[in-house]
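*Asks:* predicted structure and sequence below. I'll ask about it afterward.
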Amino acid sequence: MKNRFSFFLAVFALFFAIGFIAIGPAASVADAAAYPYTMPAGGGKKPMPVIGFIETHRVEEGQTIHNIARMYGLGYNQMVLYHPDIDPWIPESGKSIDIPSKWILPPTQREEVVINIPEMRLYRFFKEHEMVKTYPIGIGREGFDTPIGEASVADRIEKPSWTVPASAQEEHGRKVVPPGPDNPLGDYWVGLSVRHIGIHGTNFPWGVGRRVSHGCIRLYPEHIEQFYRETRPGTRVEIIYEPVKVGMRGNIIFLEVHPDVYERIDDMESLAWSILQEMGLNGAVDPEAVSRVVAEQKGAPAPVSSGS
């Protein structure tokens, strides 16, 4: 019993030291949780760890799917993909619904910040502690695709002003928007080494989990404040395009498939099978389960092992 108490005390001290636990009245369900992870050993492509769990929520009178998504640190996209038959604006009051707070970690070389465009989600790894936090994001809208590639944090600004792009000045009626409630950057800006691209807050939280920006990455106001504290100039950022992820929890193989938001994949099922084959798992999965998960594109891990 003493050893168990010492273990939990050490874990709590670790969480508190790196800001994983919110203390006092500011704590809320919107605070991003941290999850332990262990990267697969060996070279080559391997199934990634699965983090989180499916939760249950009882819909209250007047709640929308967006309200519920934000409560649980999800984007609008994740909830509507998982619940395509629920009216997002008037979900049935009193109904219990599943909350897909479960993810396959994206492939990463750096284990610092990874942004996966198709799932509209950011992962902040703390490699030294083998912990990861994850945030939903808004991404570039049609004609303003968020660029893919490696970058790093170049600057961090609290209460930023927004220099309106020439293409949007007529829409906004000015060249510079000062800090305040009208500023689409919100209260925090984390600029990247990619020109004009940054990670920032928003004055329009409904845009998280949607294609809404001019190429930047938007977080909920409560999340950007956390993320701002978790980065420094030089923090490495990988922006990837992985609509299909393969993971493993215990002996069960999971497949997670997201819509091809930028229409870059010719055949999603062929992509899924090529990844499974590269990992040596194509003979260990149920073909019907793989086809179903690819067709549904629910954006959450689903078991596909043979016999699962």
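*Replies:* It's in.
*Asks:* domains of the protein?
*Replies:* 19-116, 140-240, 244-303 (automatic domain parsing).
*Asks:* which residues in the stretch 151-300 of the chain form helices?
*Replies:* 169-172, 221-229, 268-278, 287-296 (DSSP state H, counting those that start in this stretch).
*Asks:* name the helices or strands packed onto the shortest one?
*Replies:* Packed against helix 169-172 by the contact rule (3 or more C-beta pairs under 8 Å, 6 or more residues apart in numbering; DSSP states H and E) you find no helix or strand. In this view, the C-beta of every residue, glycine as well, is placed from N, C-alpha and C.
*Asks:* buried ones in that helix, by neighbour count?
*Replies:* Within helix 169-172, no residue qualifies as buried by neighbour count (16 or more other C-beta atoms under 10 Å).
*Asks:* tabulate the CA atom coordinates of it in PDB.
*Replies:* As requested, C-alpha coordinates have been extracted for helix 169-172 and formatted as PDB (Å, rounded to 0.1, in the frame of the first residue of the first chain):
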ATOM      1  CA  GLN A 169      -9.300  43.700 -46.200                       C
ATOM      2  CA  GLU A 170     -12.500  44.500 -48.000                       C
ATOM      3  CA  GLU A 171     -14.400  41.900 -46.000                       C
ATOM      4  CA  HIS A 172     -13.100  43.400 -42.700                       C
END
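*Asks:* what mean pLDDT does stretch 149-166 have?
*Replies:* Here stretch 149-166 scores 92 as its mean pLDDT.
*Asks:* so what touches it?
*Replies:* With C-beta atoms under 8 Å, 6 or more residues apart in numbering as the test, stretch 149-166 has contacts from 110, 113, 172, 174-179, 183-185, 187-194, 196-197, 200, 214, 228, 231-239.
*Asks:* can you say which of those are buried?
*Replies:* The neighbour-count test (16+ other C-beta under 10 Å) applied to the contacts of stretch 149-166 identifies 113, 177, 183-185, 187-194, 197, 200, 214, 228, 231, 235-239 as buried.
*Asks:* which parts of the stretch 1-150 of the chain are helices?
*Replies:* Assigned by DSSP H, counting those that start in this stretch, the helices in the stretch 1-150 of the chain fall at 2-17, 65-71, 76-82.
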